[in-house]
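Participant: Can you look at this prediction? I've put the sequence above it.
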Amino acid sequence: MPIRHVICATEAYLQQHGTPYTPQDLRAHSCISLGRNARRCALEVPSGRQNRNGANLRAVRRQPYRVRLDAVRQHLGIGSLPLFTAREALANGDIVQVLPEWEFISSYSGDLWLLWAGDNICPPGCGR
């Protein structure tokens with residue numbers, strides 16, 4: 001299962017601080033991201049042709065996904081969130097996607113794997 005991240009903020013935050021239109025515009029914002037080092041984060045267009053390192057971003061780092069979603073909802077900044085965490089808030093209009101043509105890439109992106117004991121009994125809801 002691929003883990004895709006989206007960049008989100010509240011309308012109120014964007015009205016107060018402005019809407020970024022390029023990754024460079026994020027330097028003027030408080031960014032909420034996962035991880036210990038914002039330098040390991042990048043933005044790239046889906047084609048992969050361009051890459052913008054996040055080294056100069058001011059970041060507020062929070063580990064749990066829900067804490068980051070709550071921070072975005074509290075208008076504290078622009079946050080990177082896994083789509084599975086942000087989906088409901090996006091659908092409800094609580095938050096909006098920022099820079100939708102860019103994909104947030106971090107060491108926490110990629111595929112999710114489920115491992116279980118080799119007793120051939122698959123946990124409920126798990127397909128092989």
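Facilitator: Great, that's in hand. Residues are numbered from 1 along each chain as shown.
Participant: Residue 72 reaches residue 8, doesn't it?
Facilitator: Yes - Residue 72 lies in contact with residue 8 (Cβ atoms under 8 Å); the separation is 5.6 Å. C-beta: built from backbone N, CA, C; applies to glycine.
Participant: so what's in contact with the two at the same time?
Facilitator: Listed as contacting both residue 72 and residue 8 by Cβ atoms under 8 Å, 6 or more residues apart in numbering are 78, 79, 81, 89, 95.
Participant: what's the neighbour count on the closest residue to the first one other than its chain neighbours?
Facilitator: Okay, so that is residue 78. Distance criterion Cβ to Cβ, 6 or more residues apart in numbering; nearest residue to residue 78, sequence neighbours excluded, is residue 9 at 4.5 Å. Using other Cβ atoms under 10 Å, residue 9 has 26 neighbouring residues.
Participant: Ok, residue 7 next?
Facilitator: Counted with other Cβ under 10 Å, residue 7 comes out at 25.
Participant: Repeat that for the one 10 residues further on.
Facilitator: Other residues near residue 17 number 15, with proximity taken as other Cβ under 10 Å.
Participant: For the shared contacts of residue 72 and residue 8, name the two members farthest from one another.
Facilitator: Largest separation among the shared contacts of residue 72 and residue 8 by Cβ to Cβ: 78 and 89, giving 13.8 Å.
Participant: and the gap between the closest residue to residue 96 other than its chain neighbours and residue 18?
Facilitator: Excluding the flanking residues, the one nearest residue 96 by Cβ to Cβ, 6+ apart is residue 11, at 6.0 Å. Separation of residue 11 from residue 18 (Cβ to Cβ, to the nearest Å) stands at 12 Å.
Participant: ditto for residue 80
Facilitator: Separation of residue 80 from residue 18 (Cβ to Cβ): 18 Å.
Participant: ok so, going back, quickly list what's touching both of residue 78 and residue 89.
Facilitator: Common contact partners of residue 78 and residue 89 (Cβ under 8 Å, 6+ apart): 8, 72.
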